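>>> What follows is a predicted protein model with its sequence.
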Amino acid sequence: MIAWGNLRTRWRELVATVLAVAVGVGLLGAVLLAADAARPPVQDRFAATSALAVPPAVAESRTPRTDGLVPWPAGEADALAARLRATPGVTAAVPDRSFPAVPMPGGRPFGVPEDREGGHGFASLALGGYRVVAGEAPRRPGEAVVGAALGLMPGATVPVLFADAVRPVRVTGVTDGPGVYLTDTEAARYAPGVRTIGVLGAVPPAPTGVTLLSGDDRGAVEPVQDSRVRHRGTQLLAALGLLTGVTTAVVVSAALSTVVAGRRRELGLLRTVGATPGQVRRTVLGEAALTGAAGAVLGTALAVGLAPALYRALVAVEAAQPVDGVPPVPGPLLTAGAAGVLLALGGGLAASRTAARATPLDVVVDRGGARTTSRPRLVSGVVTLLVGAGLATATAVADGDGRIGLALTTGAVLVVAAALLAPVVIGGLAGAGAARRCRAGAGAGAGVDAVARARAGAATRIRVGAGARSPGRYRTPFRAGVTATLVRAEAAAAPARAAAVTAPAVVAVGFAVLIGGLVDTMAAAYPAERTAVLAGSVAVEQDGAPGLPDAAVRALAVPGARTPLPTVLVLPGSAGPTAVDAVGTADPGLVRPGEVVLAAPVATALGVTAGDTVPARFADGTTVPLRVTATPPPDERRGDVVVDRAQVRTHDPAALTDTAFLPVGAVPDPLPPGAVARDAQAYALADYAVDARLTTALAGLLVAVSAGYGGIAVAGGITADARSRRTDRAALVAAGATRARLAATAAAEATLAALLGAVLGLVVTLPPLAAVASGLARATGVPVLPVIDPGWASLAAGGCLVVAAATAALTTGRAARHG
Amino acid sequence: MLELADLRHVHRSRGATPVRALDGVSLRLRPGTLTAVMGPSGSGKSTLLHCAAGLESPESGRVLLGGTDLGTLSERRRTLLRRERAGFVFQAFNLVASLTAAQNVALPARLARRRIDGAAVTAALAEVGLDGRAGHRPAQLSGGEQQRVAIARALVTRPDVVFADEPTGALDSASSAAVLALLRRSTGTATTILMVTHDPAAAAWADEVVVLRDGRVDDRFATQGRPGDPDTATVIGRRITAGNAGPAAVHRVPGGAR
Ligand SMILES: Nc1ncnc2c1ncn2[C@@H]1O[C@H](COP(=O)(O)OP(=O)(O)OP(=O)(O)O)[C@@H](O)[C@H]1O
Ligand SMILES: [Mg+2]
């Protein structure tokens, strides 16, 4: 009854909370909807399958080059396919063998440049439901059925780029599907390892150790270039979700605490007329739930509107594939709405505990909110702080993608800790200030008294002549300095209330500085180290194709040339099978067949030392013991995991050299057909500039969200606070304060609280940034310093201060006018 | 029945000098009587009321409400006892702002999860002259009207004891008289009333007047004549004023102060 009544009549006070929940749910819903829309679609070439059988995935992937599936060796895949085929109802089970094959009609590459899966075995044609529309199946090596889009007729011959060379292929037939379909025998030579078996007909039961994907789940098998984009999108959405969740939790709980603090007198009244502390607590919780529900409803509408914009932003920063639309599916919206209600209830939990501490006497004596920080808050604040410290340490020792994720989590946890402990800090600072003033005899205590008395005066409606002590009796003159006295007195009297402004400011500034700092720290570490090693060399690439075939690499093998052959190895790691990027190098001085060189950080992460022998699983599914010969410091030029080039080629016939690096002046003329040469350093810098632009755009998106949200919350907190303090202000007016004085006091108070939040926000970013810097330094072998972008920092902090001061002055001015 | 035995209380707040608000107050209130507590501002009247009602715990002394020692009860049991046995009217801030007058009156019963008759609520509001204002929220009522809603709420549960701190402080003399008559009438159903007031006219409705000074019972006397009689008010007024002039002028009623 009371919760509902409050919602109806006190909605102005609760607007801040409802808005906070709505914005949170809106963002969270948009994130979930975008994530749902970004789920990979089933590839066209698997359209006819009922299910896809895939091998188990690695426990940990330290490379973006693979979907993490550990390939089956050819024999195992064929045996498995036969077994699946034997299941009643299954009409076909085809091991899908895909490999790079780029048709080059007239010497020009045809198709998506990054596509490493343009070639297939003829049997795979059935998986897409494709038909041969002219001609017939290939019978011999060097024959193929090709996509009709090429515009070729059976009998024609077309050059095709394979991993070993560009070779002429005789077209025996044309299909309505895309790609190049060789005989299955020849396809097995290019792709001995199998990562997918397509099943047609009934969905068979999954044999042990095999995952059967059916329906939309089949989308999980996707081309590597797509999964790279999606990986980026997933990370971004996860970061956005994390920031939104933490921000909402902090903001909602601050807003509810403010509301409860401003209502202490009424809660005392409830206690007087017979409400038990439990009933008071339930009332506040009920209100939180209703507020959360209202916010959730608004938020889902917001999410539906926001999701397409968010998705477009993802596409713009190359973190998602373009789609036709982001449908407002109910699942993500319900999840976001439920999260909103839960967050509101969670925030209400702390507020309800405070509320339950209200005593009947609070009706008579307005103590202006909780004076002391509750024990649970203090304890959880300290615990959170410790967790944050632990995470910061973990961040420093993590590597790769994990480092950034951990840094963000560390930042989020520390932000929460700062928000929890803000009242303690405010109380401490204000107390220290007041004590100093008292010792100096400047009458700060009298200032506190004046406010308390003025309040008591308002409470009794100032009974003239009844001996109510008027503020005038105290030697607190309303002259210069009194604003400071009042502000300090107020901060000391109600740290929890000031915290309602400080906490969102911590969030806004903390996240803005953290994200800006992460981008800048990485930017400072990355290109310098990266491009220095490229100075004086020329990068040679295959135009319009995913890499250089071996024939071209041989033609480029001048003295001093580096032609790394990248592949993925699965090595035993601490968490289980771990996929790592490896390069094949034809440098007998460095590695010979059967050996591997691991960069020190990788060796540490895998838990191996020089002299150990590790079982390495190659792309063809065979496991080869490799002896670790050395664990030198990281070197971009060399690579982190180095094996013999010929050994890579043996086990990964589909591997392609992305780029060959040649010394300037040693570039052969003419270049191999289709190859192009660029100044390596300039090229890397240009490449990095694109990358940096994307990263900055992503960071901008995150900062805009968290800072904008924090700003709204700061304004909301101040508004709610101003409403709940009308009586105080009326008392001050009665005591002779002008409206301008009130506005100045409020603005100063809010600015101070926001400033403290900004400082705390800045402080909490230091551990994760320092951790990332030390991690980067370890991984690259170059000293890296944490960078705090003064632009981001001052923008976020300044924004918060301006918002705080302006909102406080405006709302107080208005509230004072309305009495 | 309400019995206070040797109550002593000192207000202590951080950074301020402690204030001795009650300094050994003993009172026994018989069922169905109205007792007025008077005394100068700051003499401890509100503190006495709060201690008697169990809103505040005295530093020493005992409070027996209907034979139950409040000091031995947990906070929760004290709340339940209050809910069952007591009603309150404060100097100000008596109503929940978001509830209507009727909802405010029904609040104690609703909190106790007891069904309360809509008719009983309406009748209680009518008794304080507020029939037709049941659906109004406190912000739509005058200060005096709010006070009357609070009195209706205090009486609607027919409590054993009603504690009232300046219940007529915000009322004109006509509504004051109506409210006091109402309080007086409720003593007929054995309700005991402890009322703080500055106004001799209000005290004239009481059976007995207790005068506090510096946290002690300075004077205690029974009233004569018809409840609310202006002459009684004059007598009380004179006696209080005389008391203010100094201890020598006080005429104690034999057996008044215990
Ligand atoms: N919470 C408190 N903290 C400190 N001192 C207090 C507190 N409440 C009351 N006092 C002091 O205790 C003394 C008695 O206060 P009390 O409110 O009981 O007086 P009162 O008789 O009700 O006065 P009035 O007629 O003005 O309402 C006063 O000196 C008052 O200043
Ligand atoms: Mg009083």
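Cool, the structure landed. Residues are numbered from 1 along each chain as shown, chains lettered A, B, ... in the order given. Ligands and ions are numbered 1, 2, ... in the order given.
>>> residues near the residue nearest to A:Leu269 when sequence neighbours are not counted, how many?
Closest residue to A:Leu269 apart from its sequence neighbours, by C-beta to C-beta, 6 or more residues apart in numbering or on different chains: A:Val363 at 4.8 Å. The C-beta positions use only the backbone N, C-alpha and C, and glycine is treated the same way. A:Val363 sits with 26 neighbouring residues when counted by other C-beta atoms under 10 Å in any protein chain shown.
>>> show me what contacts A:Val363?
Applying C-beta atoms under 8 Å, 6 or more residues apart in numbering or on different chains to A:Val363 gives the contacts A:Arg265, A:Gly268, A:Leu269, A:Thr272, B:Phe90, B:Phe93, B:Asn94.
>>> any low-confidence regions in chain B?
Along chain B, segments meeting pLDDT under 70 span B:14-15, B:243-258.
>>> which parts of it sit against chain A?
B:15-16, B:40-42, B:46, B:50, B:53, B:55-56, B:75-76, B:79-80, B:82-84, B:88, B:90-99, B:103, B:107-108, B:110-112, B:137, B:143, B:153, B:169-170, B:198 (C-beta under 8 Å from any C-beta of the partner chain).
>>> repeat that for 6 Å
When proximity is defined as C-beta under 6 Å from any C-beta of the partner chain, chain B approaches chain A at B:41, B:55-56, B:76, B:79, B:82-83, B:88, B:90, B:93, B:96, B:98-99, B:107-108, B:111-112.
>>> Show me where the stretch 1-150 of chain B has its strands.
In the stretch 1-150 of chain B, the strands defined using DSSP state E, counting those that start in this stretch lie at B:2-11, B:19-29, B:34-38, B:60-65, B:68-69, B:86-89.
>>> Among the ones you listed, which comes closest to A:Thr283?
Counting by C-beta to C-beta, A:Thr283 lies closest to strand B:86-89 out of the strands of the stretch 1-150 of chain B; the figure is 18.7 Å.
>>> contacts for that closest one?
Contact partners of strand B:86-89, identified using C-beta atoms under 6 Å, 6 or more residues apart in numbering or on different chains, comprise A:Thr272, B:Ala150, B:Ile151, B:Ala154, B:Pro159, B:Val161, B:Val162, B:Phe163, B:Ala164, B:Pro167.
>>> which residues does the fifth one contact?
Remark: with contacts taken as C-beta under 6 Å, 6+ apart, B:Pro159 is in contact with B:Arg85, B:Ala86, B:Gly87.
>>> near ligand 1, from those?
Counting by C-beta under 6 Å from any ligand atom, the subset of the contacts of B:Pro159 that neighbours ligand 1 is empty.
>>> CSV for those residues, including neighbour count?
Converted to CSV, those look like this (neighbours: other C-beta atoms under 10 Å in any protein chain shown):
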residue, neighbour count
B:Arg85, 17
B:Ala86, 27
B:Gly87, 29
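>>> Let's see if you can find the most crowded of the contacts of A:Val363.
Most neighbours among the contacts of A:Val363, by other C-beta under 10 Å: A:Thr272, with 28 neighbours.
>>> Isn't it up against A:Leu361?
No: applying C-beta atoms under 6 Å, one finds A:Thr272 not in contact with A:Leu361, separated by 8.6 Å.
>>> got the residues of the stretch 1-150 of chain B near ligand 1?
So the stretch 1-150 of chain B meets ligand 1 at B:His11, B:Ser13, B:Val19, B:Ala21, B:Gly39, B:Ser41, B:Gly42, B:Ser43, B:Gly44, B:Lys45, B:Ser46, B:Thr47 (C-beta under 6 Å from any ligand atom).
>>> Point to the helix or strand of chain A where mean pLDDT is at its lowest.
Scoring the helices and strands of chain A by mean pLDDT, DSSP states H and E places helix A:444-459 at the bottom, with a mean of 39.
>>> returning to what we had before: quickly check the residues of the stretch 1-150 of chain B next to ligand 1 for the two that are furthest apart.
So, these by C-beta to C-beta: farthest apart are B:Ser13 and B:Gly39, at 22.2 Å.
>>> List the residues that contact whatever residue of chain B ends up closest to chain A.
Chain B approaches chain A most closely through B:Arg83 (2.9 Å), counting by C-beta to the nearest C-beta. If you count contacts by C-beta under 6 Å, 6+ apart, B:Arg83 has them with A:Gly274, B:Ala112.
>>> so how many other residues sit close to A:Gly589?
Residues near A:Gly589, counting by other C-beta under 10 Å: 6.
>>> For it, give its distance to chain B.
Distance, A:Gly589 to chain B, by C-beta to the nearest C-beta, to the nearest Å: 77 Å.
>>> Spell out the secondary structure type for that residue.
coil (DSSP: H, G, I helix; E, B strand; the rest coil).
>>> quick one on the thing from earlier: tell me which of the strands of the stretch 1-150 of chain B sits most buried.
strand B:86-89 (a mean of 28; mean count of other C-beta atoms under 10 Å in any protein chain shown).
>>> what's the offset of it from the middle of its chain?
Distance of strand B:86-89 from the chain centroid (C-alpha atoms, centre = their mean, to the nearest Å) equals 7 Å.
>>> One more: stretch B:146-154?
That offset, for stretch B:146-154, works out to 12 Å (C-alpha atoms, centre = their mean).
>>> what's the answer for stretch A:802-811, then?
32 Å.
>>> in chain A, which residue is closest to the centre?
Nearest residue to the geometric centre of chain A (C-alpha atoms, centre = their mean): A:Ala239, 2.0 Å.
>>> What is the longest helix along chain A packed up against?
Secondary structure assigned by DSSP state H gives helix A:680-724 as the longest helix of chain A. If you count contacts as 3 or more C-beta pairs under 6 Å, 6 or more residues apart in numbering or on different chains; DSSP states H and E, helix A:680-724 packs onto helix A:11-37, helix A:224-261, helix A:495-532, strand A:537-542, helix A:790-817.
>>> Output the ones you listed as a markdown table; include the columns distance to chain B.
As requested, the helices and strands packed on helix A:680-724 are exported to a markdown table (distance: least, C-beta to the nearest C-beta, whole Å):
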| stretch | distance to chain B |
| --- | --- |
| helix A:11-37 | 10 |
| helix A:224-261 | 12 |
| helix A:495-532 | 14 |
| strand A:537-542 | 71 |
| helix A:790-817 | 15 |
